[in-house]
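J.: Take a look and give me a structure for this.
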Amino acid sequence: MELVKCNGLYKDYGFKKVLKDINITIPKGRIVGLLGSNGSGKTTLIKLMNDLITPTKGEVLINGKKPGVNSKKIISYLPERTYLNMDMKVSEILEYFSDFYSDFDTQKAIKLLKKLNISTTDRLKTMSKGTKEKVQLVLVMSRKADLYILDEPIGGVDPAARDYILDTILTNFNKDASIIISTHLISDIERILDDVIFISNGEIVLYEEADKLRKKEKKSIDAIFREMFKC
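T.: Below is the predicted model:
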């Protein structure tokens, strides 16, 4: 059974059509890049998968069922914006996640935080934007989920830390799980992708295996994307 399936999915906000007839299937065991410029519809599609908004038409299925309480149990979601309480210490957030998610691995989280030189005694409000994003990513990747959905996971992180963060993503998920990474920083993440989905103006314009696409076009994914969507 497909892990994610979108059938004839549309999302409108008033007269604005944000997503138009999205039809995709994502199996288990894949790292998928949801690639597009800002405003292309990436975040709206992710919110539909996470049951944060409802479709205008069509459906999203997670493990064959509509998003809801059960899907939230198997999806580990990193939103684009920080949602954590800025007054909390990292240790308090770890306790909160441990109580809230039965699949949260506290020891793994502590190990990852240590490698990033983040102390569990620090409060979020004292951290830089990039460090807060690292904390959020560690929390998300420390769950034993079936589906990880990461919305711009490296957007606010300095280039020097991006390779480590990508390696963290790559080495800290179940091989039977899948990861959807939404980003416009294609050159930074393409090395870890199994599949790529190009989205533009709310429409899927390409969905293909990353290696096959590179071999066929004899170019990087970033170069292919830039050529397809150049102004």
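
J.: Tell me which residue lies nearest the centroid of the chain.
T.: L150 (1.6 Å; CA atoms, centre = their mean).

J.: my read: that one touches I180, true?
T.: Yes - contact criterion CB atoms under 8 Å: L150 and I180 qualify, at 7.0 Å. C-beta coordinates here come from the backbone N, C-alpha and C atoms, glycine included.

J.: Counting by contacts, list what the helix or strand harbouring L150 packs against.
T.: In this assignment (DSSP states H and E), L150 forms part of strand 147-151. Packing partners of strand 147-151 (3 or more CB pairs under 8 Å, 6 or more residues apart in numbering; DSSP states H and E): helix 42-49, strand 75-78, helix 129-141, strand 178-183.

J.: by contact count, what packs against the helix or strand just after that strand?
T.: Heading C-terminal from strand 147-151, the first helix or strand you meet, by DSSP H and E, is helix 159-171. Judged by 3+ CB pairs under 8 Å, 6+ apart, helix 159-171 is in contact with helix 129-141, helix 186-189.

J.: okay if I get those helices as CSV plus distance to D158 and mean neighbour count?
T.: What follows is these, written out as CSV (distance: least, CB to CB, whole Å; neighbours: other CB atoms under 10 Å):
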stretch, distance to D158, mean neighbour count
helix 129-141, 6, 21
helix 186-189, 11, 18
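
J.: Name the residues of the helix or strand of the chain with the lowest mean pLDDT that are buried.
T.: Within the chain, no helix or strand scores below helix 159-171, which has a mean of 79 by mean pLDDT, DSSP states H and E. Buried residues in helix 159-171, counted by 16 or more other CB atoms under 10 Å: A161, I165, L166, T168, I169.
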